[in-house]
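Colleague: How does the following fold in three dimensions:
(one chain, ligands or ions: 1)
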Amino acid sequence: MKRIILFGAPGSGKGTQADKIEKEFSYRKISTGDLIRAEVYKKSVIGKKIEEFSSKGLLVPNEIIIEMVKNKVLSDDIKEGYILDGFPRTLDQVKGLSVVPAEEEVAVFLRVDEDVIVKRILSRVSCENCGKIFNTIFRIPAKVNICDQCGTTLTKRNDDTEDIIKKRIIIYRAETLPVINYYRGKGNLRELDANRDINTVWEEIRELVK
Ligand SMILES: [Zn+2]
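Modeller: I've put the predicted structure just below:
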């Protein structure tokens, strides 16, 4: 079982690369957000616990998230390996991951400059109907400004302003730096220059994770 961990600020192309890895290899992507939604929807024991926390305005505790990730990894869906995108975020979560099976681990950090992030996020457009995200630079819809998936007119998110993007980058860096440093110290962090175009970065990621 192989564990691939992707790090990168919003706008680093991390989500796109995770999708490409999933498509090319038999590794499955694990999204903690999706796991949470699925448990709540199923009204499982974990789902009910999660609802208790969120109804009080509290974050879902680490132990619950780790338990969900572990159950997913042990399920039939996942055989050769898995990709974590946006997780772990804290050193506590890193510690928790030690109970989740993985014989091999690769952490990839997509390093991007702030001006590139701002430019990429400002060119983002999304579909209000189905939620699909496009980009007028590198994820261009087939028809100008129309969602490929459902035909709705695409719109810009109004919270994507330069100031807000810069604040999100600062928060991301402060939050993730200790985790990235941990993997660097462990010796299995691979850093890539993700200022380059998505396909160039992908060629390198494909070699790193195979
Ligand atoms: Zn759509």
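
Colleague: so what's the residue nearest to the spatial centre of the chain up against?
Modeller: The geometric centre of the chain, computed from its C-alpha atoms, lies nearest to residue 85 (Cα atoms, centre = their mean), at 3.0 Å. Shown in contact with residue 85 (Cβ atoms under 8 Å, 6 or more residues apart in numbering): 6, 14-15, 18, 29-31. Placement of C-beta: from N, CA and C, glycine included.

Colleague: Go again with 6 Å.
Modeller: By Cβ atoms under 6 Å, 6 or more residues apart in numbering, the residues touching residue 85 are 6, 18.

Colleague: per-residue confidence for it?
Modeller: For residue 85, the model assigns a pLDDT of 88.

Colleague: Mind listing the residues bridging to it?
Modeller: Beta bridges link residue 85 to residue 6, judged by DSSP bridges.

Colleague: What ranges does this protein have for its helices?
Modeller: Ranges of helices in the chain, per DSSP state H, are 14-24, 32-42, 45-55, 62-74, 91-96, 114-122, 162-186, 198-209.

Colleague: Can you tell me which helices and strands the last one packs against?
Modeller: Applying 3 or more Cβ pairs under 6 Å, 6 or more residues apart in numbering; DSSP states H and E, we find helix 198-209 packed against helix 14-24, strand 189-193.

Colleague: Let me know which of these is tucked in deepest.
Modeller: Most buried of those by mean neighbour count (mean count of other Cβ atoms under 10 Å) is helix 14-24; its value is a mean of 18.

Colleague: Can you list the buried residues in the lowest-mean-pLDDT helix or strand in the chain?
Modeller: Lowest by mean pLDDT, DSSP states H and E among the helices and strands of the chain is strand 133-135, with a mean of 88. For strand 133-135, a neighbour-count test (16 or more other Cβ atoms under 10 Å) marks 134-135 as buried.

Colleague: Would that strand count as contacting the ion?
Modeller: No: Strand 133-135 does not reach the ion (Cβ under 5 Å from the ion); its nearest approach is 9.3 Å.

Colleague: who touches that strand?
Modeller: Counting by Cβ under 6 Å, 6+ apart, 123-126, 141 sit against strand 133-135.

Colleague: Who wins on neighbours among those residues?
Modeller: Of the contacts of strand 133-135, residue 125 is surrounded by the most neighbours, 20 neighbours in total, counting by other Cβ atoms under 10 Å.

Colleague: so that one sits right up against residue 154, yeah?
Modeller: Yes: look at residue 125 against residue 154 with Cβ atoms under 6 Å: they come within range, at 4.1 Å.
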